[in-house]
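Asker: no sequence on hand, only this structure:
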């Protein structure tokens, strides 16, 4: 993906690419600065506080056009190994989802080393519950709410969708109606890389950190997408979670995308790379089917 961006920069199509790269420090964050972006969408609210910590804030993106009825709501969580990330670098992804007809909240959450499991999961739940309380202001229907994330953000989406304790603790046990994950880690114990060791190594019961521990027949339907060339999170994580959901009587759809890397599954949300694979079309079709 970076090779393509650098090629475009050399041709002079995106003069700000180098500066954006320095600021973003990640290939996916770079996409926030080099465009193009989906039209007909705007950020309706910025830095709404869902908690008292400076990291507990979210933005709302939505279509500009009026709708005949309130739109379904998505809460999007970016990745970053639970120790990095910033919603301001992922507006392009929220914008892509909003252009498909959703009201989209994109949330920051507390990060390692300032916190450890389960604080960032608790933040994801709190951001989701808060999004439901404000969705109507921006044309959204809180009764038709889903969660979606990439990488560590996919982990957050699955945990609050599957482990009842997080949403039930906020008096919203049935708020999440569907959940989608891109390139997520769902079955990664024992912890064997710095990101997981630092984020989860202090957990008294490591099994309670794993989404696969909470599969259940009455869980919200899941959609999981993964690239076959992912060397950050193995595609088998998606296969395992989906297989176990189905074995438990739950609903799950899994799709593996040939040739896509860890970053590519989200990068294809950008108009720059959308023709590489139909990830955005596939996941939003699922979400509309479950939430409309």
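Answerer: Cool, got the structure. Here the structure is a predicted model, which is why all the values come from computation and not from measurement. Residues are numbered from 1 along each chain as shown.
Asker: for the nearest residue to residue 128 once chain neighbours are set aside, what are phi and psi?
Answerer: Distance criterion CB to CB, 6 or more residues apart in numbering; nearest residue to residue 128, sequence neighbours excluded, is residue 75 at 4.8 Å. From N, CA and C alone the C-beta is placed, and that goes for glycine too. Phi and psi for residue 75, reported as degrees, to the nearest 10, are phi -110, psi 120.
Asker: next: residue 31.
Answerer: Dihedral pair for residue 31: phi -60, psi -20, per degrees, to the nearest 10.
Asker: correct me, but it touches residue 95?
Answerer: No: counting by CB atoms under 8 Å, residue 31 does not reach residue 95; the two are 10.6 Å apart.
Asker: pick out whichever of these two has more residues nearby.
Answerer: Per other CB atoms under 10 Å, whichever of residue 31 and residue 95 has more neighbours is residue 31, with 28 against 23.
Asker: and that one, what is it in contact with?
Answerer: For residue 31, the contacting residues are 92-93, 267, 270, 272, by CB atoms under 8 Å, 6 or more residues apart in numbering.
Asker: now render these as JSON lines, adding neighbour count.
Answerer: Below are the contacts of residue 31 laid out as JSON lines (neighbours: other CB atoms under 10 Å):
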{"residue": "92", "neighbour count": "25"}
{"residue": "93", "neighbour count": "27"}
{"residue": "267", "neighbour count": "28"}
{"residue": "270", "neighbour count": "24"}
{"residue": "272", "neighbour count": "19"}
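Asker: and which of those is nearest residue 165?
Answerer: Checking the contacts of residue 31 against residue 165 by CB to CB gives residue 93 as the nearest, at 28.0 Å.
Asker: surely that closest one and residue 269 touch.
Answerer: Yes: with contact defined as CB under 8 Å, residue 93 counts as touching residue 269 (5.0 Å).
Asker: ok, back up a step: which residues does the residue nearest to residue 128 bridge with?
Answerer: Per DSSP bridges, the residues bridged to residue 75 are residue 105, residue 147.
Asker: ok, now how distant is it from residue 132?
Answerer: Separation of residue 75 from residue 132 (CB to CB, to the nearest Å) stands at 9 Å.
Asker: ok, residue 215 next?
Answerer: For residue 215 relative to residue 132 (CB to CB), the value is 24 Å.
Asker: those two: which is more packed in?
Answerer: residue 215 (23 against 20).
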